[in-house]
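A.B. asks: Sharing a sequence plus its predicted fold:
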Amino acid sequence: MIYTTIQGDTWDGLSYQFYGSERFMPLLLNFNEKHAEIVVFPAGITLEIPPKPAQSSDTLPPWKRREPV
């Protein structure tokens, strides 16, 4: 997906907006390396927003893991 920034966007804010968590900020940075030095975006910067990675059950806490039936 392509996203065009608005004035005041930040990497952590975009991560939360698109993925529901700031922990995906490195994913956004890796896909948009040429803009990695920007802290607070001006309007009009085009960014690539990759799909949210599937969660591995290995990284989930025990109460969220699905037990095999």
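C.D. replies: Looks like it came in fine. Residues are numbered from 1 along each chain as shown.
A.B. asks: need the contact list for the nearest residue to P53 once chain neighbours are set aside.
C.D. replies: The shortest distance from P53 to any non-neighbouring residue, by Cβ to Cβ, 6 or more residues apart in numbering, is to L27 (7.1 Å). (Each C-beta comes from the backbone N, C-alpha and C, glycine too.) For L27, the contact set (Cβ atoms under 8 Å, 6 or more residues apart in numbering) comprises 15, 19, 50, 53.
A.B. asks: what about the first one, which SS state?
C.D. replies: If I follow you right, that is S15. S15 falls in the helix class when you classify it by DSSP: H, G, I helix; E, B strand; the rest coil.
A.B. asks: Name all residues that make contact with it.
C.D. replies: 21-25, 27-28.
A.B. asks: Return the member of the residues you listed nearest to K64.
C.D. replies: S21 (13.8 Å; Cβ to Cβ).
A.B. asks: ok, the closest residue to that closest one other than its chain neighbours to F31 distance?
C.D. replies: Closest residue to S21 apart from its sequence neighbours, by Cβ to Cβ, 6+ apart: S15 at 6.7 Å. Distance, S15 to F31, using Cβ to Cβ, to the nearest Å: 11 Å.
A.B. asks: Please tell me how far the closest residue to M1 other than its chain neighbours sits from Q7.
C.D. replies: In this structure, M1 finds its nearest non-sequential neighbour in I49, 4.4 Å apart by Cβ to Cβ, 6+ apart. Noted for I49: a distance of 18 Å to Q7, by Cβ to Cβ.
A.B. asks: again with W63
C.D. replies: Counting by Cβ to Cβ - W63 and Q7 are separated by 41 Å.
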